[in-house]
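Test case, fold it:
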Amino acid sequence: MIQISPVVFAEPALQIEALCDYIDRAEAVAIGANLGIRFAHYNLVAPAAALTPTPACFNARMEMIRGLYDKQCARIRELKRCVRERNIELCPYCGKVEAPIEIDHIAPKSEWAEYSIYTGNLVAVCSECNLTKRDNYRDPATAARLFLNPYVDSFMSGEFVHVVISADPLYGFDVPDFEFVPSVMLPPADYNRVSTHFKRLEVASRYARFGVNRLKLLKLSWSGKARADLLGDLVRQNTNEGKVYGDNCWACLLYRSILGNNNLIDYILR
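Presented below is the predicted three-dimensional model:
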């Protein structure tokens, strides 16, 4: 999980040129002007997810605008390429180290057609996060934003979440439990959103497969060896992977959790 900057793309010129493939330029320019107003609205209210319903001025061309994302014209392909080929090597939603190849509409295009190819609303994520999030965006009861937004949540640039590793009552750390816990330094609204984000995306269950395998490898490598050497190695690995992937990649979360858990350290060394 990291904070990233939106792709810089000509907006709404891209949409106007894409629309020109299907309607005359005069109408495309008129729609483009309204899109520009909506993009400014999005930028203003995205942190609070306070998007207003799509204005009636788009009604006549709603489905066409929504469908632009799936068109195969050169401009749309270039937009998707730029969103996917960011200088990130991990999913900004869950922290798994892999080049994200799918694109999530932060605010779903099923509800806001005008943002279907707005780059400020598009983020490259892993397939599992994209599939799990689907069209969810706001809590229907409170209208609060449900998920982190790597474009606007500045706290994602630092350590904002921790993994707590607990031993199973019967099988100990051979069958550990993994829980994502937000930093207590976050304001209440951000704390709640971080908690909801990881629960909704079911990250802990996916992380468990990674965590169990890493713990097995550590135990195989360090069983019977010196505690100080293990701790030094964990610190080095945390530092090195953090420099490459950021402090919230899965490996760094694991190393920091181990370093703060004497019982787990004892388990690895036994």
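
Quick check: closest non-adjacent residue to residue 145.
residue 49 (3.6 Å; Cβ to Cβ, 6 or more residues apart in numbering). Placement of C-beta: from N, CA and C, glycine included.

List the contacts of that neighbour.
107, 137-138, 143-145 (Cβ atoms under 8 Å, 6 or more residues apart in numbering).

what's the neighbour count on the nearest residue to residue 182 once chain neighbours are set aside?
Once flanking residues are discounted, residue 182 sits nearest to residue 194: 3.9 Å by Cβ to Cβ, 6+ apart. For residue 194, the count of nearby residues is 23 (other Cβ atoms under 10 Å).

if we can go back for a sec, quick check: the gap between the residue nearest to residue 145 and residue 146.
According to Cβ to Cβ, to the nearest Å, residue 49 and residue 146 sit 8 Å apart.

Buried only: go through the contacts of residue 49 for me.
Among those, those scoring as buried are 107, 137-138, 145 (criterion: 16 or more other Cβ atoms under 10 Å).

can you tell me how far the residue nearest to residue 145 sits from residue 112?
11 Å.

where are the low-confidence patches of the chain?
1-14, 87 (pLDDT under 70).

Just after the stretch of helix or strand residue 233 belongs to, pick out the following helix or strand.
Under DSSP states H and E, the secondary-structure element containing residue 233 is helix 227-245. Counting by DSSP H and E, the element after helix 227-245 in chain order, helix or strand, is helix 250-259.

Run the chain-centre distance for that following helix.
Remark: helix 250-259 is offset 19 Å from the chain centroid, using Cα atoms, centre = their mean, to the nearest Å.

Please apply the same query to stretch 134-151.
Centre-to-centre, stretch 134-151 and its host chain are 12 Å apart (Cα atoms, centre = their mean).

hmm, what's the outermost residue in this structure?
Residue farthest from the centre of the chain, counting by Cα atoms, centre = their mean, is residue 224 at 38.9 Å.

isn't that residue right up against residue 269?
Yes: assessed by Cβ atoms under 8 Å, residue 224 is found in contact with residue 269 at 7.1 Å.

quick one: residue 21 from residue 156, how far?
Taking Cβ to Cβ, one finds residue 21 at 37 Å from residue 156.

the more surrounded of these two?
Neighbours were counted for residue 21 and for residue 156 using other Cβ under 10 Å; residue 156 has more, 23 against 13.

Tell me where the stretch 151-270 of the chain has helices.
188-200, 203-222, 227-245, 250-259, 262-269 (DSSP state H, counting those that start in this stretch).

Redo those as a markdown table? Include distance to residue 151.
Shown next, in a markdown table, are the helices of the stretch 151-270 of the chain (distance: least, Cβ to Cβ, whole Å):
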| stretch | distance to residue 151 |
| --- | --- |
| helix 188-200 | 14 |
| helix 203-222 | 20 |
| helix 227-245 | 19 |
| helix 250-259 | 22 |
| helix 262-269 | 35 |
